[in-house]
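K.L.:
build me a structure from this.
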Amino acid sequence: MPIKRNRNQDDQTLIEFYTEKTKTPYGFTKGAATLMLHWIERINEELKETKIWADTANLHLNLQNVDDFSENFVTIATSTDEYHIDYKVPSESEPWENARTRGSTKSLDDAMKMLKKAMIYSKGWIESSELKTY
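P.N.:
Numbers count the residues shown, from 1 in each chain. Here you go, the predicted model:
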């Protein structure tokens, strides 16, 4: 299933939202939106069966395993030349309340590896057969 925008923000698809941002005259926004479109395309190619919903906050994508504004397990963002990711540490493993792990890379291939690890380690997608083989 392609990554879908949360029903509370369904006035535009994620592709429409980020495509609109690529038309801005602001270099950072244009570059970040372009990289995010590439990332969304790869997510859709590699995680075809995994259910992922997202809400946008500025240019960030908060990823959820259900279609509501409940828990954001993973957040992904881009800059003009870098992919950023963070995930919520499960409560039984967190060193303090609401702990998160963060990382970044300039490689889309590495960003996908990091995303899959974040989805696994956050325990948000424990039912995903695609992630079990990763």
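K.L.:
only C-alpha atoms for contact and neighbour calcs from this point on.
P.N.:
Will do.
K.L.:
so how many other residues sit close to residue 102?
P.N.:
By the criterion of other Cα atoms under 10 Å, residue 102 has 14 neighbours.
K.L.:
same check on the one 10 residues further on?
P.N.:
By the measure other Cα under 10 Å, the count of residues near residue 112 is 17.
K.L.:
can you name the residues that contact residue 124?
P.N.:
The neighbours of residue 124, taking Cα atoms under 8 Å, 6 or more residues apart in numbering as the test, are 64-65, 73.
K.L.:
quick one: pLDDT of the closest residue to residue 103 other than its chain neighbours?
P.N.:
The shortest distance from residue 103 to any residue that is not its chain neighbour, by Cα to Cα, 6 or more residues apart in numbering, is 5.5 Å, and that residue is residue 85. According to the model's per-residue confidence, residue 85 sits at a pLDDT of 98.
K.L.:
select the longest helix from the chain.
P.N.:
Longest helix in the chain, counting residues (DSSP state H): helix 27-46.
K.L.:
partners of the nearest residue to residue 4 once chain neighbours are set aside in the sheet?
P.N.:
Nearest non-adjacent residue to residue 4, counting by Cα to Cα, 6+ apart: residue 53, 4.8 Å away. For residue 53, the residues forming beta bridges with it (DSSP bridges) are residue 4, residue 64.
K.L.:
you'd agree residue 53 is up against residue 64?
P.N.:
Yes: if you go by Cα atoms under 8 Å, residue 53 and residue 64 touch, sitting 5.1 Å apart.
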